[in-house]
Every structure is written in C-alpha cells, then in structure tokens.
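Visitor: Could you work out the structure for the sequence below:
(2 chains)
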2 protein chains.
Amino acid sequence: MSTASRPDPTADLATDLMPGQLLARGVCRHMASLGFVTVEELVVTRGLRVDVMALGPKGALWVIECKSSRSDFITDRKWQGYLEWCDRYFWAVDAAFPTDLLPEGTGLIMADAYDAEVLRMGEESRLAPARRKKMIQCFATHAARRLQALRDPGARIEM
Amino acid sequence: MSTASRPDPTADLATDLMPGQLLARGVCRHMASLGFVTVEELVVTRGLRVDVMALGPKGALWVIECKSSRSDFITDRKWQGYLEWCDRYFWAVDAAFPTDLLPEGTGLIMADAYDAEVLRMGEESRLAPARRKKMIQCFATHAARRLQALRDPGARIEM
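Guide: Model prediction:
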C-alpha cells in the first residue's frame, strides 16, 4: 500500500479524477492482481450505478463502492440496493476513513490511487444462475462499448 | 457504404491500422448499429484468434473474419476451427474481393474502414449453453482487460 516505494510515471494522468475515482483505480489494479477483471460505473439496473464491478475467473461478481470521506458514506442511501446484484459487497476507503461506521457483513478494502488490499471479505450471498448470466452479459456489454469508444472515437456508440 | 457522403474527422487515426484492421473497424461500427457489442483479436482457445467477436443483446455470438485480399483468404488454414466457437460465421471483405471464393454456408459482410453491411447471413449452428457461458466470460474478460489498460496505463494487466 505504501506509495513512497512505488513511483508511478502515470500519476499525472490522475489529476482529472475525483477522490472516489482515484480509489477505484487502486481497487481495479488490486483486483487485477487477484485475477479479476473490472469495470467502473456499471449501471446494474435503472438508477443503480456501482463504482466498481469485479468479475472473477469462474464468474464471481463483487461490487465495490468507493468512499472518499465520512460524508460521502453518510449520504449514500442506495448501497443496500446493490447487495442483490453481487456475490459479495465491499467498501473501499482510504487510511483516514473511520471504518467503525461501516455496517457488519460488508467487506472492507483499504485503497489509495495506486493499489489496494482486501482487509475483510464481504459475506457471500451467491447470485441465482439467471441473474449471474444477465450480469455477466451486462458487464461484457459495458466493457466492450467503452473499449470501442476509446479505440475508435469515430464510432457512434450508445452508452 | 459510400464514404463520399460521410467525411470522418477521425480518419487520420486509422493510418496505423493494417487493411484487415480497417475492415474490422467498419464491421464493429456496423455491429454496434445492430445492437451488438464487439471485441477484436479475441483468443477463443489456444492458437485460435478471431478478428472480430460480436455479442448480441440476448447472448448470440458471431465470429467475423476480415480478409483484405485474395491471398489473405487463400493462406487462412484455420477458419474452420472457428465454427465451433460461434452461432454464426461471417467473412468481411471489401468491394474488390472475389466473393465467389468464399465457402457455402458462411456469411458475407461487405465492409470498408467506415461502415459495413451484412449481405448474407451465416448459417446458424447454436452453441451449447456451457460453451456460450464460457465464451461470454472470455469476451467480458478480454474487453475489461483492454479497457483498463487504455484507461489506466499504469496498471499491470496480463493480456
């Protein structure tokens, strides 16, 4: 987690990211080291957009909400709605966050802009097969559309 | 398919693409207009990399091989190996390609760098559910890894 020993030549790219997005970047880097792939800001259903959705090699789906401050957490009235869209649910926070606030049963990831670490696993509540199938299709669609938009700015992609 | 009426401000971005990749770009644009999402150069199994894999909204999987010339087609000894990884198989070629060469039962897409059009559907041979599930997971993983690599050049992503 220490950034002192890990100078990052791309740090300047991060200047246009919000604090929560910087945490998400670190979370996604760590998830990659665990063999998961990730997308950010995935709309799982109307009105519910998760910060990070991680997909494991065997189809596990984890939702990770990134909270940059106490007030960011306190004002979140939607998080319980995310539970039914994943096998495990996590908060990602930085070292200054008062983690006592976080509800029992949820996972905890300590993150910064460069990396992260899972401190506590979220309790498992496995998705039904039909919903998992639907969510992996949703994940694939999100990732492919955004990839095409970046690779081919001339394409007309509906997001 | 006419490009004359469709000036593209990003055309200069395409100068580092090979002829087959330019066709793939047009194919992917057209597939987006049909509600499909796409990835390019997907490895479906060891030693088999397809030019374009398209995923439909209900999970249909189409493989599209892009052939920029007669010799590009003649030297392809792998295409029959792709059939078992998709519901429908297509060739994408440009207007100068001798389409009589193409085998019966395969689909035909006329493409240029800007768009494409399906001239003949490939015959349907539906994937078994387990393979479809595996391929959609593979598609999602490919798309998410490449998206993360573009969004976060500092991440260490295994491709």
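
Visitor: Tell me the gap between stretch A:49-59 and the middle of its chain.
Guide: 7 Å (CA atoms, centre = their mean, to the nearest Å).

Visitor: hang on, isn't A:Ala92 packed against A:Gly107?
Guide: No - at 9.1 Å, A:Ala92 does not count as touching A:Gly107 under the criterion of CB atoms under 8 Å. Any C-beta I mention is one placed from the backbone N, CA and C, and that applies to glycine too.

Visitor: and for these two, which residues touch both?
Guide: A:Ile64 (CB atoms under 8 Å, 6 or more residues apart in numbering or on different chains).

Visitor: Neighbour count for those two, which is higher?
Guide: Neighbour comparison, A:Ala92 and A:Gly107: the larger count goes to A:Ala92, with 28 against 20 (by other CB atoms under 10 Å in any protein chain shown).

Visitor: What strand or helix carries the more buried one?
Guide: strand A:88-93 (DSSP states H and E).

Visitor: Name all residues that make contact with A:Arg151.
Guide: B:Leu150.

Visitor: meant to ask about A:Phe73
Guide: Contacts of A:Phe73 (CB under 8 Å, 6+ apart): A:Lys67, A:Trp91, A:Val93, A:Phe97, A:Leu101, A:Leu102.

Visitor: Save these as JSON lines, and put in distance to B:Asp87, pLDDT and neighbour count too.
Guide: Below are these laid out as JSON lines (distance: CB to CB, whole Å; pLDDT from 0 to 100; neighbours: other CB atoms under 10 Å in any protein chain shown):
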{"residue": "A:Lys67", "distance to B:Asp87": "42", "pLDDT": "96", "neighbour count": "24"}
{"residue": "A:Trp91", "distance to B:Asp87": "40", "pLDDT": "98", "neighbour count": "28"}
{"residue": "A:Val93", "distance to B:Asp87": "44", "pLDDT": "97", "neighbour count": "26"}
{"residue": "A:Phe97", "distance to B:Asp87": "47", "pLDDT": "97", "neighbour count": "21"}
{"residue": "A:Leu101", "distance to B:Asp87": "49", "pLDDT": "93", "neighbour count": "12"}
{"residue": "A:Leu102", "distance to B:Asp87": "45", "pLDDT": "95", "neighbour count": "17"}
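
Visitor: out of the residues you listed, who's near chain B?
Guide: For chain B, no contacts are drawn from the contacts of A:Phe73 by CB under 8 Å from any CB of the partner chain.

Visitor: mind putting those in TSV, distance to A:Leu61 included?
Guide: TSV is the format used below for the contacts of A:Phe73 (distance: CB to CB, whole Å):
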residue	distance to A:Leu61
A:Lys67	20
A:Trp91	16
A:Val93	21
A:Phe97	24
A:Leu101	25
A:Leu102	20
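
Visitor: The residue nearest the centre of chain A pairs with what?
Guide: Against the mean C-alpha coordinate of chain A, by CA atoms, centre = their mean, the closest residue is A:Val52 at 1.8 Å. Counting by DSSP bridges, A:Val52 is bridged to A:Glu40, A:Ile64.

Visitor: residue contacts, it?
Guide: A:Ala24, A:Val27, A:Cys28, A:Met31, A:Thr38, A:Val39, A:Glu40, A:Val63, A:Ile64, A:Glu65, A:Cys66, A:Ala92 are the contacts of A:Val52 under CB under 8 Å, 6+ apart.

Visitor: hmm, try it at 6 Å
Guide: A:Val52 makes contacts with A:Ala24, A:Val27, A:Thr38, A:Glu40, A:Ile64, as judged by CB atoms under 6 Å, 6 or more residues apart in numbering or on different chains.

Visitor: go on, A:Lys134?
Guide: Neighbouring residues of A:Lys134 by CB under 6 Å, 6+ apart: there are none.

Visitor: so when I look at it, I'm seeing a helix, right?
Guide: Yes - under DSSP: H, G, I helix; E, B strand; the rest coil, A:Lys134 falls within a helix.
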